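In: sequence plus predicted model, see below.
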Amino acid sequence: EAAVTQSPRSKVAVTGGKVTLSCHQTNNHDYMYWYRQDTGHGLRLIHYSYVADSTEKGDIPDGYKASRPSQENFSLILELASLSQTAVYFCASRDWGGSSYEQYFGPGTRLTVL
Amino acid sequence: AQSVTQPDARVTVSEGASLQLRCKYSYFGTPYLFWYVQYPRQGLQLLLKYYPGDPVVQGVNGFEAEFSKSNSSFHLRKASVHWSDWAVYFCAVSSNYGNEKITFGAGTKLTIKP
């Protein structure tokens, strides 16, 4: 069974502070993704990565950085958290190649910025 | 650019009744299509996926979906819903290239009446 874990599961941050969300996968997958979920918007892609030490911008990268230090770990960094970044954040992983394009999701991190 | 529209933000059905959740996609070419389910306070789980082939695909828990290229649709169906189907359902589209990201619809929240 594919496994993606996220930490913390919830966090309260202050405006202007730095926040780091972590994701770890044991699937041996090449691709990892960060999404945010807001009511009425579904999931929107922030950053993704297809290999360690490399990240790519998604659809809404502004205000976020990403880091992929190893195949298993992918972090999302908010250098200066803002109220508008209050959301639920999901990490996902996917294998490369073959015929499967399924993404495996973590349980999510609920971030509240005050 | 690819996109997904789920026209119904909320759907309510009685337990035991049939269900159809609508999904319209926009994609140039042949898409890969997915339905994911999100139970309360959990991450997304794959219900079913469509790769080019048989237009009717079977998923878990009695769900099925039908791909229509002429209508650009991928509607989800279930013959008889159970209270445990109470969740949010997301339709998603991806290209058939190796690295591509998945684009999600806004989701349909399904409520089950006893």
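Out: Thanks, I have the structure now. Numbers count the residues shown, from 1 in each chain, chains lettered A, B, ... in the order given.
In: does any part of the helix or strand bottoming out on mean pLDDT in chain B sit near chain A?
Out: The weakest-scoring helix or strand in chain B, judged by mean pLDDT, DSSP states H and E, is strand B:102-104 (a mean of 88). Yes. Counting by CB under 8 Å from any CB of the partner chain, chain A is contacted by strand B:102-104 at B:102-104. Just so you know, the C-beta spots here come from the backbone N, C-alpha and C atoms, and that holds for glycine as well.
In: which residues does the next helix-or-strand element following that strand contact?
Out: Scanning forward in sequence from strand B:102-104 by DSSP states H and E, the next helix or strand is strand B:108-113. Applying CB atoms under 8 Å, 6 or more residues apart in numbering or on different chains, the contact partners of strand B:108-113 are B:6, B:8-15, B:19, B:21-22, B:81-83, B:85-90.
In: name the strands paired with strand B:108-113 and say parallel or antiparallel.
Out: Neighbouring strands of strand B:108-113 in its sheet, by DSSP bridges, are strand B:10-14 (parallel), strand B:87-94 (antiparallel).
In: look up how far residue B:102 lies from the residue nearest to residue B:106 when sequence neighbours are not counted.
Out: Leaving aside its chain neighbours, residue B:106 sits nearest to residue A:42 (4.3 Å; criterion: CB to CB, 6 or more residues apart in numbering or on different chains). Separation of residue A:42 from residue B:102 (CB to CB, to the nearest Å): 11 Å.
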